[in-house]
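**Q** how would this look folded up:
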Amino acid sequence: MTTDKPFDPLTSFAAIERLVSKIYFRFSHLFLAQPDLRDFWWEMAKEEEQHACILTACRAVIENFAEPTLGPGITPDKAQSLSQHLNSFLAQGTATLSVEDAFRIAVDIESSEIDAIYSKLVHLGGEEIAKTLENVGVPASVQRQKLKAALRRFCISPEVLSAAERL
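**A** Alright, predicted model coming up:
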């Protein structure tokens, strides 16, 4: 007899943030010969890892939180769907990705609901805890602005540039 563990949104979505980090770390290795791009992706990866650590810290701080109202987008199915989507990028490998391909994937990730879910989860412990934890890492809004700036600098695809403006 197997018993399913109850859904832990903080742990599940910390794992999703780590998947995003892993994708961006791979991009940094893809562009080793281009230091500006390499460093950009390395920073993005570190910031995503920070988001995962913040959710883990939030979990530790509010370990005994009452059943929260998570909203319709924070479900085991959503976590599984996002994980599968991110793993599909990892499965592609990076050897054949162009600069535009990497940015296209990043725009896809950053325009998903991951950041909105992250924000809701950080607020589970209340406003004071959320403010403290949000100040520890780079906010998603700042990260999106950095992505837009890098896109304008390194990407020439009008399609990707246009999609980035909607971030």
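**Q** how many other residues sit next to residue 114?
**A** The burial count assigned to residue 114 is 22, neighbours taken as other CB atoms under 10 Å. Backbone N, C-alpha and C define where each C-beta goes, glycine included.
**Q** ignore the last one, residue 164
**A** Residues contacting residue 164 under the criterion other CB under 10 Å number 23.
**Q** From the contact counts, what lies against whatever helix or strand it lives in?
**A** In the assignment (DSSP states H and E), residue 164 maps to helix 158-165. Packed against helix 158-165 by the contact rule (3 or more CB pairs under 8 Å, 6 or more residues apart in numbering; DSSP states H and E) you find helix 99-110, helix 140-154.
**Q** Also compute the angle for the lowest-mean-pLDDT helix or strand in the chain relative to helix 140-154, please.
**A** Ranked by mean pLDDT, DSSP states H and E, the weakest helix or strand in the chain is helix 127-136, scoring a mean of 73. Helix 127-136 and helix 140-154 are oriented at 20 degrees to each other (axes from the mean of the first three to the mean of the last three CA atoms, to 10 degrees).
**Q** could you say what helices and strands helix 127-136 packs with?
**A** helix 35-61, helix 114-122.
**Q** Let me know which of those helices is the nearest to residue 160.
**A** For the helices and strands packed on helix 127-136, the distance to residue 160 is smallest for helix 35-61, at 14.4 Å, taking CB to CB.
**Q** In the closest one, which residues are buried?
**A** Buried positions in helix 35-61, judged by neighbour count with 16 or more other CB atoms under 10 Å: 37-38, 40-45, 47-59, 61.
**Q** following it, which helix or strand comes up?
**A** Under the assignment DSSP H and E, the closest C-terminal helix or strand after helix 35-61 is helix 76-91.
**Q** That following helix: which residues count as buried?
**A** Using 16+ other CB under 10 Å as the test for burial, helix 76-91 gives 78, 79, 82, 86, 89.
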